[in-house]
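In: Fold the following and give me the result.
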Amino acid sequence: MFRTMMITASALGLAHAVDEIPPISFDRDVSYSVTSPDGDIEITAFTNAYGEPMYEVTFEGEAVIEPSRLGMRFADHQQFKDGLLIGQKSTNSHDETWEQPWGERRFVRDHHNEMVVTFRDADDERRSFDVRFRAFDDGIGFRYEFPKQRSLRGELAITDELTEFRIPAEDTTAFHIGARLWNRYEYLYETTPVSGMQMVHTPVTFELGSGDHIAIHEAALVDYSGMSLLLKRGNVLEADLAPRSDGPKVKKRAPFNTPWRTVQIAEDAPGLVNGTDIYLNLNEPNVLGDVSWVAEDLGVYTGIWWDMHIRTKTWGSGPFHGATTEYTKEMIDFAAENGMVGVLVEGWNEGWDGDWYNAGDVMDFTKPYPDWDIKEVTDYALSKGVRIIGHHETVGNIGRYEDQLEEALDLYQEHGITQVKSGYVADAGNLKWTDRDGIEHFEFHDGQRNSNHHIKVLKEAAERKIAMNPHEPIKDTGLRRTYPNWITREGARGMEYSAWGVPPNVPEHTAILPYTRLLSGPMDYTPGIFDLKPNINPNYVRVSQNSPESEVQTTLAKQLALYVVIYSPIQMAPDLPQNYRARPDEFQFIKDVPTNWEESIALAGEVGDYIVQARKDWDSDDWYIGAVTDENERTVEIDLSFLDDGKTYTAQIYRDAEDAHWDDNPYATVIEEREVTSEDAMSLYMAPGGGAAIRFKAEG
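Out: Have a look, this model is predicted:
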């Protein structure tokens with residue numbers, strides 16, 4: 001039926017194009033390949049015996065993604081699944097270095113080789129789609145590009161994206177959380193063989209039997225549904241897009257591109273952490289213009305927040321209301337005394353009374369409670385060199401939020417509020433909006449409707465020079481490059497779980513996050529709790545009605561280390577002021593640590609065991625280290641060659657004492673100093689559930 005060409009086509013070079021696609025066969029004798037700049041990673045595209053579009057990825061000659069399918073199904077248009085021919089359309093090479101306005105490193109190198117292949121219907125050459133592959137030294141990305149064509153007229157209802165990731169399963173370990181579950185992304189990670197997975201969120205990380213590490217995720221999630229991965233037969237993971245409330249997974253019109261599907265590849269776990277520029281490089285550059293204002297208010301903030309989680313105060317009005325003018329001024333004074341940039345205030349607006357979890361229909365973002373004077377507190381904050389950080393809890397009613405959005409942001413702009421923490425507390429699949437006919441619709445947090453919602457909020461906020469920090473958000477896919485006012489977000493189990501005892505975050509949780517969720521971008525985890533064991537140390541104030549299991553399963557030194565390990569350009573000091581005042585020596589590290597970095601380097605670690613993270617301050621020559629471990633004690637040798645040559649540093653060390661333990665002796669901390677240079681090494685002891693934080697203060 002089809003003519004067979006006994007040739008092998010490959011990417012013969014870069015920076016050239018093939019204008020015509022010759023007729024070719026369905027066998028793998030015809031394939032096209034592109035390699036990373038260093039030659040270690042190779043992507044090969046081909047069709048199998050059924051004309052199904054396929055790809056595979058190798059690293060140093062070994063498969064890290066075995067032959068896997070590509071394709072797309074539509075509800076009312078002919079699918080792209082099989083019966084296809086492949087041809088190469090173009091190749092290219094790119095190498096540039098660009099500067100971030102803020103970030104975990106100032107300069108980002110985008111160095112990749114690119115190949116675009118076309119898959120055409122063997123019976124109708126006018127039906128086609130392209131796949132654009134990019135190979136970086138740290139991994140690969142690819143996306144579908146559907147040109148305008150007669151066979152794709154009108155609205156397209158995507159019912160299934162057939163993208164597969166066939167994982168080498170032998171002796172492979174997966175680190176994952178379940179997807180499409182009620183609690184969104186807020187689960188403790190599981191460590192299992194590939195067979196132990198079901199449907200999982202991305203980023204999802206694998207340690208292969210070879211010892212190599214890969215992480216699968218996506219970049220540039222714009223006007224599309226987020227991708228989870230569903231385990232199919234054997235070792236095949238298939239893209240599973242979050243469904244829309246009206247049936248299909250995605251609605252589009254040709255021409256359109258999908259988000260990038262990404263695979264990070266590294267020889268070891270720290271290599272994954274050091275290879276995250278791929279997500280930024282696969283996003284479009286900044287579209288907001290001058291965003292220097294975003295970086296002006298980066299730093300450590302405090303707020304009226306932890307009080308409510310430990311139930312010493314309430315979000316709703318009444319005798320224990322947290323967001324009062326008087327208490328806000330007290331927090332402003334504390335922030336000003338300690339050099340903090342802002343004070344977050346939750347529960348200031350009408351709508352929190354009663355069962356606030358179901359109050360999405362009544363939340364009002366322009367009406368303060370009578371005991372909170374927005375002008376008085378913002379004026380007072382500005383007089384102290386501090387800013388109020390705004391808060392909008394939508395309770396998942398994104399339609400009501402959009403209806404109030406402009407007026408709510410105008411109110412903040414009027415009073416000099418330049419950062420907003422937003423919230424989307426709702427079970428998965430329960431984000432609500434109401435159409436013009438009064439019909440209610442309910443969406444997933446990673447669905448197409450919410451993808452568009454977040455972009456709408458960012459654009460409106462940027463017009464008023466306001467930065468956004470959403471909690472219960474859509475996943476991070478590197479869009480902070482395009483919209484630099486998207487400064488951070490939650491999107492995983494944060495510190496608040498340790499206030500509830502449901503259970504609290506276990507010691508290994510923060511030793512897994514750097515290799516999973518944090519690969520995708522900044523997280524507002526809110527470290528820095530000093531009230532770890534109220535029954536052990538009665539000097540710490542805690543009057544809580546939460547579960548007796550409520551506790552922070554770390555040492556105090558680990559709480560400090562998390563400010564370096566967990567990247568966010570804004571970091572919270574969430575505990576009550578009296579708990580920081582009780583330990584001024586340890587609190588000094590939180591006062592010193594920056595949140596904006598010139599460079600970041602993961603020095604050592606294993607997924608779920610430990611990590612040693614080094615970062616250099618954006619505004620000085622100082623370096624910092626954060627090291628955390630799981631429930632096991634360990635001693636780590638650190639080579640200090642990352643320090644600047646020719647400089648002498650005073651290492652200000654905050655580490656676990658030899659008898660420290662997260663469970664029965666979490667406060668045992670040693671604070672010491674020593675002089676070091678880049679030629680030195682350092683041995684760091686970490687107790688069970690412990691860690692270490694170091695400031696390398698440059699002399700001179």
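
In: roughly how far is the helix or strand Gln588 falls within from the heart of the chain?
Out: Secondary structure assigned from DSSP states H and E places Gln588 in helix 584-592. Distance of helix 584-592 from its chain centroid, counting by C-alpha atoms, centre = their mean, to the nearest Å, is 27 Å.

In: Stretch 283-302 now?
Out: Here stretch 283-302 is found 17 Å from its chain centre; the criterion is C-alpha atoms, centre = their mean.

In: Okay, now that stretch: how far is its last residue from its first?
Out: 32 Å (C-alpha to C-alpha, to the nearest Å).

In: how about low-confidence regions in the stretch 601-700 of the chain?
Out: Within the stretch 601-700 of the chain, no range satisfies pLDDT under 70.

In: same thing but 90
Out: 700 (pLDDT under 90).

In: now swap in the chain and tell me
Out: The low-confidence ranges in the chain, as defined by pLDDT under 90, are 1-30, 125, 310-311, 500-503, 533-551, 700.

In: Specify the residue ranges that define each domain of it.
Out: Per automatic domain parsing, the structural domains of the chain span 31-281, 501-520+532-565+575-700.

In: Check which helices and strands the helix holding Gln588 is in contact with.
Out: helix 556-565, helix 577-581, strand 649-656, strand 669-676, strand 691-698 (3 or more C-beta pairs under 8 Å, 6 or more residues apart in numbering; DSSP states H and E). For glycine as for every other residue, the C-beta is placed from the backbone atoms N, C-alpha and C.

In: starting at the chain centroid, how far to the next helix-or-strand element following the longest one?
Out: When you say that, I think you mean helix 556-565. Counting by DSSP H and E, the next helix or strand C-terminal to helix 556-565 is strand 570-572. Computed by C-alpha atoms, centre = their mean, the chain-centroid distance of strand 570-572 equals 15 Å.

In: Quick one: list the elements packing against strand 570-572.
Out: Looks like strand 570-572 contacts strand 299-304 (3+ C-beta pairs under 8 Å, 6+ apart).

In: the inter-axis angle of the strand it packs on versus helix 556-565?
Out: Counting by axes from the mean of the first three to the mean of the last three C-alpha atoms, to 10 degrees, strand 299-304 lies at 120 degrees to helix 556-565.

In: and the helices and strands packed on helix 584-592, which is most packed in?
Out: helix 556-565 (a mean of 29; mean count of other C-beta atoms under 10 Å).

In: Quick one: the helices in this protein, in order.
Out: 269-273, 277-281, 292-295, 306-309, 325-337, 374-383, 398-414, 448-463, 497-500, 509-512, 556-565, 577-581, 584-592 (DSSP state H).

In: Just name the most buried of those.
Out: Sorting the helices of the chain by mean neighbours (by mean count of other C-beta under 10 Å), the first place falls to helix 556-565, with a mean of 29.

In: got the angle for that helix vs strand 691-698?
Out: Going by the same axes, to 10 degrees, helix 556-565 makes 60 degrees with strand 691-698.

In: Which elements pack onto helix 556-565?
Out: For helix 556-565, the packing partners by 3+ C-beta pairs under 8 Å, 6+ apart are helix 509-512, helix 584-592, strand 610-617, strand 623-629, strand 649-656, strand 691-698.

In: quick one: terminal-to-terminal distance for stretch 116-126?
Out: End-to-end span of stretch 116-126 (C-alpha to C-alpha): 17 Å.

In: Residues contacting the helix holding Gln588, please?
Out: 300, 338-339, 528, 530, 556, 560, 563, 573, 580-581, 652, 654, 669, 671, 693, 695 (C-beta atoms under 8 Å, 6 or more residues apart in numbering).

In: and with 7 Å instead?
Out: Outside helix 584-592, the residues within contact range by C-beta atoms under 7 Å, 6 or more residues apart in numbering are 300, 338-339, 528, 556, 560, 563, 573, 580, 654, 669, 671, 693, 695.

In: now it against helix 556-565, angle please.
Out: Using the same axes, to 10 degrees: helix 584-592 against helix 556-565 is 10 degrees.

In: Dump the C-alpha coordinates for helix 584-592 into PDB.
Out: Provided in PDB are the C-alpha atoms of helix 584-592 (Å, rounded to 0.1, in the frame of the first residue of the first chain):
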ATOM      1  CA  PRO A 584      17.700  35.900  69.500                       C
ATOM      2  CA  ASP A 585      20.900  34.100  68.500                       C
ATOM      3  CA  GLU A 586      19.100  31.600  66.200                       C
ATOM      4  CA  PHE A 587      16.800  34.400  65.000                       C
ATOM      5  CA  GLN A 588      19.800  36.300  63.700                       C
ATOM      6  CA  PHE A 589      20.100  33.900  60.800                       C
ATOM      7  CA  ILE A 590      16.600  34.700  59.600                       C
ATOM      8  CA  LYS A 591      17.400  38.400  59.900                       C
ATOM      9  CA  ASP A 592      20.600  38.000  57.800                       C
END
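
In: Next, format the helices of the chain as JSON lines and append distance to Ile158.
Out: Shown next, in JSON lines, are the helices of the chain (distance: least, C-beta to C-beta, whole Å):
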{"stretch": "helix 269-273", "distance to Ile158": "30"}
{"stretch": "helix 277-281", "distance to Ile158": "23"}
{"stretch": "helix 292-295", "distance to Ile158": "34"}
{"stretch": "helix 306-309", "distance to Ile158": "40"}
{"stretch": "helix 325-337", "distance to Ile158": "47"}
{"stretch": "helix 374-383", "distance to Ile158": "44"}
{"stretch": "helix 398-414", "distance to Ile158": "22"}
{"stretch": "helix 448-463", "distance to Ile158": "9"}
{"stretch": "helix 497-500", "distance to Ile158": "35"}
{"stretch": "helix 509-512", "distance to Ile158": "32"}
{"stretch": "helix 556-565", "distance to Ile158": "38"}
{"stretch": "helix 577-581", "distance to Ile158": "51"}
{"stretch": "helix 584-592", "distance to Ile158": "47"}
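
In: Ok, which of these comes nearest Ser210?
Out: Set against Ser210 and scored by C-beta to C-beta, the helices of the chain come closest in helix 269-273, at 13.3 Å.

In: tell me what the closest one is packed against?
Out: Applying 3 or more C-beta pairs under 7 Å, 6 or more residues apart in numbering; DSSP states H and E, one finds that helix 269-273 contacts strand 213-219, strand 597-606.

In: Which one of the helices of the chain lies nearest to Leu519?
Out: The nearest among the helices of the chain, by C-beta to C-beta, is helix 269-273 at 6.2 Å.

In: And the contacts of that closest one?
Out: Against helix 269-273 from outside (C-beta under 7 Å, 6+ apart): 205, 213, 215, 264, 266, 514-515, 519, 602-607.

In: go again using 6 Å as the cut-off
Out: With contact meaning C-beta atoms under 6 Å, 6 or more residues apart in numbering, helix 269-273 is reached by 213, 215, 264, 266, 514-515, 602, 605-607.

In: Turn the helices and strands packed on helix 556-565 into CSV, columns for distance to Lys432.
Out: Formatted as CSV, the helices and strands packed on helix 556-565 follow (distance: least, C-beta to C-beta, whole Å):
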stretch, distance to Lys432
helix 509-512, 30
helix 584-592, 38
strand 610-617, 39
strand 623-629, 38
strand 649-656, 45
strand 691-698, 41
